[in-house]
Each structure stands twice: as C-alpha cells, then as structure tokens.
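> let me see the structure of the following:
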Amino acid sequence: MNESPDLLETLALARDFLSREIACAPASVARIDDRESDADPLIILDREACSCQKCGLAQTRTSVVFGSGKTNADLLFVGEAPGAEEDRQGLPFVGAAGQLLTRMIEAMGLTRKDVYITNIIKCRPPNNRDPKPDEIAECQPYLLQQIDLIAPVVICTLGRFAAQTLLQTTESIGRLRGKIFEYQGAKLVPTYHPAALLRNAHWKRPAWEDLKLVRKLYDGTEI
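Modelled structure (predicted):
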C-alpha cells in the first residue's frame, strides 16, 4: 500500500529531528493567536501577568513571557522558565532550544500554530538558575488559569523541572518520561527539554517515542 504524501512528509520530518542537531529558522510566533476581544479572559490574564510584581524576578526581567500559540489548543507544551532570548522577545521557546522544539512539533505532523506553549514561571531567573519555591508559588496560579482557559486534551512537559513541579514529585525525568499522568482534566506526558536534547543527542530517540505517545493521545487513539 502506498503511503500518503502527508505521511511521507511527517516521516521525513521525524527522521530529520532524530538525525540533525538543529537547522531551522527562528519560529514565527505571537502572544495571542486567535483571541481578539479585550474582554477575553486569556487576554485579561496576559495583561495581568505582564504587570506582575509578586516576586523578585520582576526587578530583573526584561519581559514577561506569558505564552504563545493557539489559545484553545488540544496540546499544551509546558517548559521551565524563559531564557535570555525569550526574555528579550517576550515569547516562549524562540532561542536554540525553541528552534528544536519547532522541529519536534513539525515531526509530529503539527505546527506551532496548532499548539500552545508556555512555562512554569513567566519571568527569566538570573543566569538561568532554577526557579525558587516562592517564585513558583507566586507564578503557578497564572499557569493553572491558562490550563483552565485553554482546556488542552494533552499536556507535554519539557524537562525535569516542569514535570516535577506539576506532578509534585522528585522522580527523575528518566523515570517519569514515557508515562501518562492525569493533570487538571488532561493527559500529561513528560519528556526531555529540547535544550537537553541539544546537549545529548542520545536522548532524541526516547524523546521521539514520547512525542509519538503525545500524538496518539492528541488523536484519541491511545487509552
């Protein structure tokens, strides 16, 4: 049986993701994709977050990085925190790791416009250190409200920190990845952070298995 052009293209993108380090143009992203009303709850929440002064990161940030993508997306990606380029642009995952995340999404047969991308905390910690407990406590309500408003079917956490924070566990990402958890009415699948894949290409194969699981949940073909 002949494979369809769409399937062949997806398989080619998957092979490309697994075989190459990184080679794509910076992602074209926007803060709010399809909500235009000033009364929209997600826009109101975005504006509230952008003026937040609840923790010390407000004194060191350049931008609040609220999120980007399709605001009623069935698939939500959650990372740890903005990096330097994200802080500069005010958009999530636009640096080197973000370019690889774009390739990962494309390898699944989707685009960034089909998903929503955000982080546990919305401001960059100095020197890219781990967020502190008080910073998480002040910022997590924004994420919980994002999840409630977007109502994703699947959440894919990127990296140890995001998975441990949402699942309230100290288990390593190696033990958490490849499993399905329940979170806020969605299926949650942890996988490696794209930045970790840039450092260790051997993790690309298990990350691809995670993405295939996410895609099955997205399509409703995995119970």
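> how about the helices in the protein?
5-19, 41-50, 84-89, 96-107, 133-150, 160-167, 173-176, 194-199, 204-219 (DSSP state H).
> enumerate the positions of the third one that are buried.
Residues of helix 84-89 classed as buried under the neighbour-count rule (16 or more other Cβ atoms under 10 Å) are 85, 86, 87, 89. (C-beta placed from N, C-alpha, C; glycine too.)
> now, which of those sits nearest residue 189?
residue 86 (22.8 Å; Cβ to Cβ).
> what number of residues are in the vicinity of the nearest residue to that closest one once chain neighbours are set aside?
Nearest non-adjacent residue to residue 86, counting by Cβ to Cβ, 6 or more residues apart in numbering: residue 65, 5.0 Å away. By other Cβ atoms under 10 Å, 30 other residues sit near residue 65.
> surely residue 65 is in contact with residue 90?
Yes - assessed by Cβ atoms under 8 Å, residue 65 is found in contact with residue 90 at 5.9 Å.
> what sits against residue 197?
Applying Cβ atoms under 8 Å, 6 or more residues apart in numbering to residue 197 gives the contacts 100, 203, 204, 207.
> can you report how many residues neighbour residue 129?
9.
> again, but for residue 40
15.
> now it: how far from residue 166?
Computed as Cβ to Cβ, to the nearest Å, the residue 40 to residue 166 distance reads 25 Å.
> which residue comes closest to residue 139 once chain neighbours are left out?
Among residues not flanking residue 139 along the chain, residue 121 sits closest, at 4.3 Å (Cβ to Cβ, 6+ apart).
> doesn't residue 129 make contact with the one you found?
No - counting by Cβ under 8 Å, residue 129 is not a contact partner of residue 121; they are 11.4 Å apart.
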